[in-house]
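A.B. asks: Dropping a prediction and its sequence here:
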Amino acid sequence: MEKIVMPKIVAHDVSMSYPLLTDSSLSLKKKFINFLCRKKSTLSSSSLNNINFTLYEGDRLGVIGINGAGKSTLLKLLSGIYTPNSGDLIVNGSVSSLLSLQYGMKPWATGYENIRLRCLLNNLTDEQIEKVIKEVEEFTELGDALAKPINTYSSGMILRLSFAIATAQIPDILILDEVIGTGDEYFLDKANTRMESFIDHSNVMVLASHSEQIIRKFCNKVLWLEHGAVKYFGEINKGFEEYKHFIENIKLTHKKNIGIK
Amino acid sequence: MRKALNDFFQAIEKRRFWFNFSMLDIKQRYRGSVLGPLWITISMGIFIFFVGLVYARLFNQPLNELLPYLCAGFVFWNYITSVINESVDVFLHEKEFIDNVSLPFFCYIFKLFSRNIIIFLHNIVVLFFVLILFGVKINLYFLLVIPGFILLNLNLLNIVIFLAFLGIRFRDIPPIINSLLTVVFFVSPITWKPEMLPPGSLILKLNPISYFLDIVRTPILGSMPNIDSYVVVSVFMLLGFVVSFSIFDKYKPRVAYWVI
């Protein structure tokens, strides 16, 4: 009998745009003056257009695209931080996302305080919290540093800590943005082991990265974003083939433009 | 308003998170100080004592009458201003969270209240000290402080929601609110008594703060608040609720990209 596979993430015609606020648009005074002078303030906007894709259990999606293509916006949308303006986005299951190194931690609080806070945020019981703390201690090997405020940490230490917390409790859906590429070899090796066990649980992962190597290692599907729209979604090899072709073209036109000048 | 109510109840489920977070805030604020939050208690005590001395002379009032009145009023006023002042940048303060995790926004608002109530409980020590020192008779009316304080907070909740969204959208709001509060302090019956004004004065009638103060301060000083105050405060609360929850519903999705 064929196993019925439940879709975990369904994006159907999802669009969103948001105005990027500049310093002057953040001021009520300026807005009032503009209103009096009948001046319309122009706002640039960042957006995603008609995104369609479906991820099933066990899918690990690599999101690629040049800077500003909308990768981070898409991950924030999947994490529930942004809301789509139109279309349907269905996310089934618990989501844990590691979008930036700040990762919902207070810089003035100690490592331990931040771990506890993150656990309470997920409504964990005291027992579960103790377990998470042990696991994080083990994974990060930060020792006494965990009792110090995290603004005394190096970025590598913060990465270890935030990655450890994000993956301590195995979520249904894990969302990672770039950050993991910034770790050193030793960290990547440890992160590897953890991700492999994660893959064994056949959960869903979405990972944005510029590194082909990292995406090939962890993902089985790829989604290529360009100007906020999906250029390709599907199998990895073909995806990278087209993406590389595209990059080569950009480089060529760029060289030509310089030549003209 | 459905989305806002949903958010509200989800945040109540996460009460351990925001309560512990607010404790952490206070710990952080007084890290390295021996007295901790008692510092505010002491500074408030000193402030009330000296202001009391001056105003008792100024208005020709007996000190043992004015000081308990002043103290009760000021403890609540201090709570109200600190809640309102913090409301304008409540979202900006939690940038690290709003930008990285999807949480009910009421978590941040409840955290603000929880932190301020803890500090308020420290300050109330001064009030009890003054009440005992000047032999103010406490009677059963005192219990009316509890419903009064709840009503006050429900109103503040509406104001906080409104200002939180206004403050994250327009960053020049905080100084405006701050100077506005200073004005309100002087036109509110905190350092002076309502009886000092001619009867039916508009300064009292049009100032919502005078009704708020009535329902929490009067029972402490041993009498029954005016029924009018309860009516005004309740109507204010219901209207405010509709406005603030509608704003919450409409603008919540935008906060994530206003927080920059």
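C.D. replies: Happy to help now that I have it. Being a predicted model, the structure only gives us computed values, none of them experimental.
A.B. asks: What residues does the nearest residue to residue A:238 once chain neighbours are set aside make contact with?
C.D. replies: In space, and not counting its chain neighbours, residue A:238 is closest to residue A:232: 7.5 Å by C-beta to C-beta, 6 or more residues apart in numbering or on different chains. Using the backbone N, CA and C atoms, a C-beta is placed for each residue, glycine as well. By C-beta atoms under 8 Å, 6 or more residues apart in numbering or on different chains, the contact list for residue A:232 reads A:222, A:223, A:224, A:238, A:239, A:242, A:243.
A.B. asks: State whether residue A:232 is indeed within a strand.
C.D. replies: Yes: assessed by DSSP: H, G, I helix; E, B strand; the rest coil, residue A:232 belongs to a strand.
A.B. asks: In chain A, what residue comes closest to chain B?
C.D. replies: residue A:80 (3.2 Å; C-beta to the nearest C-beta).
A.B. asks: Tell me the confidence at that residue?
C.D. replies: pLDDT, residue A:80: 92.
A.B. asks: Could you list the low-confidence segments of chain B?
C.D. replies: Within chain B, not a single segment meets pLDDT under 70.
A.B. asks: Dihedrals phi and psi, the residue of it found nearest chain A?
C.D. replies: Closest residue of chain B to chain A, C-beta to the nearest C-beta: residue B:102 (3.2 Å). Note on residue B:102: its backbone torsions stand at phi -90, psi 110 [degrees, to the nearest 10].
A.B. asks: Report the secondary structure element holding the residue nearest to the spatial centre of chain B.
C.D. replies: Using C-alpha atoms, centre = their mean, the residue of chain B that lies closest to the mean C-alpha position is residue B:80, 2.1 Å off. If you go by DSSP states H and E, residue B:80 is part of helix B:63-87.
A.B. asks: buried residues in that helix?
C.D. replies: B:66-84, B:86-87 (16 or more other C-beta atoms under 10 Å in any protein chain shown).
A.B. asks: Check stretch A:169-187 too.
C.D. replies: A:169, A:171-181, A:183, A:187.
A.B. asks: Give me the spatial nearest neighbour of residue B:167, chain neighbours excluded.
C.D. replies: residue B:88 (3.2 Å).
A.B. asks: Quick check: phi and psi on the one you found?
C.D. replies: Taking degrees, to the nearest 10 as the convention, residue B:88 sits at phi -70, psi -30.
A.B. asks: wait, doesn't it sit right on residue B:162?
C.D. replies: No: the pair formed by residue B:88 and residue B:162 falls short of the contact definition of C-beta atoms under 8 Å, at 10.1 Å.
A.B. asks: Mind checking which of these two has more residues around it?
C.D. replies: Between residue B:88 and residue B:162, residue B:88 has the larger neighbour count (other C-beta atoms under 10 Å in any protein chain shown), namely 24 against 16.
A.B. asks: wait, what's in contact with that one?
C.D. replies: Counted by C-beta under 8 Å, 6+ apart, residue B:88 has contacts B:163, B:164, B:166, B:167, B:173, B:174, B:177.
A.B. asks: does the fourth one really touch residue B:89, like I thought?
C.D. replies: Put plainly, it is residue B:167. Yes: counting by C-beta under 8 Å, residue B:167 does reach residue B:89; the two are 5.7 Å apart.
A.B. asks: so where do the helices sit in chain B?
C.D. replies: B:2-13, B:15-29, B:38-58, B:63-87, B:90-93, B:95-98, B:106-133, B:145-169, B:173-187, B:202-205, B:208-220, B:227-258 (DSSP state H).
A.B. asks: For residue A:126, find the nearest of those.
C.D. replies: For these, the distance to residue A:126 is smallest for helix B:15-29, at 9.5 Å, taking C-beta to C-beta.
A.B. asks: Which elements pack onto that closest one?
C.D. replies: Applying 3 or more C-beta pairs under 8 Å, 6 or more residues apart in numbering or on different chains; DSSP states H and E, one finds that helix B:15-29 makes contact with helix A:111-121, helix B:106-133.
A.B. asks: mind listing what's buried in the shortest one?
C.D. replies: Judged by neighbour count (16+ other C-beta under 10 Å), helix A:111-121 contains these buried residues: A:111, A:113, A:114, A:115, A:116, A:117, A:118, A:119, A:120, A:121.
A.B. asks: Contact partners for the third one?
C.D. replies: What that stands for is residue A:114. A:105, A:106, A:150, A:161, A:165.
A.B. asks: PyMOL command to pick out the buried ones of these?
C.D. replies: Applying 16+ other C-beta under 10 Å to these, the buried members can be selected in PyMOL as follows:
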select buried, chain A and resi 105+106+150+161+165
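A.B. asks: got JSON lines for the contacts of residue A:114, with distance to residue B:258, pLDDT and secondary structure too?
C.D. replies: As requested, those are arranged in JSON lines below (distance: C-beta to C-beta, whole Å; pLDDT from 0 to 100; DSSP: H, G, I helix; E, B strand; the rest coil):
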{"residue": "A:105", "distance to residue B:258": "21", "pLDDT": "89", "secondary structure": "coil"}
{"residue": "A:106", "distance to residue B:258": "20", "pLDDT": "90", "secondary structure": "coil"}
{"residue": "A:150", "distance to residue B:258": "26", "pLDDT": "92", "secondary structure": "helix"}
{"residue": "A:161", "distance to residue B:258": "28", "pLDDT": "92", "secondary structure": "helix"}
{"residue": "A:165", "distance to residue B:258": "27", "pLDDT": "90", "secondary structure": "helix"}
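A.B. asks: neighbours around residue B:254, how many?
C.D. replies: Using other C-beta under 10 Å, residue B:254 has 17 neighbouring residues.
A.B. asks: Run the contact check for stretch B:252-260 versus chain A.
C.D. replies: Yes: using C-beta under 8 Å from any C-beta of the partner chain, stretch B:252-260 reaches chain A at B:253, B:254, B:256, B:257, B:258, B:260.
A.B. asks: How about residues contacting that stretch?
C.D. replies: A:18-21, A:76, A:81-83, B:3-4, B:7, B:91-92, B:95, B:98-99, B:105, B:165, B:168-169.
A.B. asks: Mind doing that once more with 7 Å?
C.D. replies: Under the contact criterion C-beta atoms under 7 Å, 6 or more residues apart in numbering or on different chains, stretch B:252-260 has outside partners A:18, A:21, A:81-83, B:3, B:91-92, B:95, B:98-99, B:105, B:168-169.
A.B. asks: buried stuff in stretch A:197-204?
C.D. replies: A:198, A:203, A:204.
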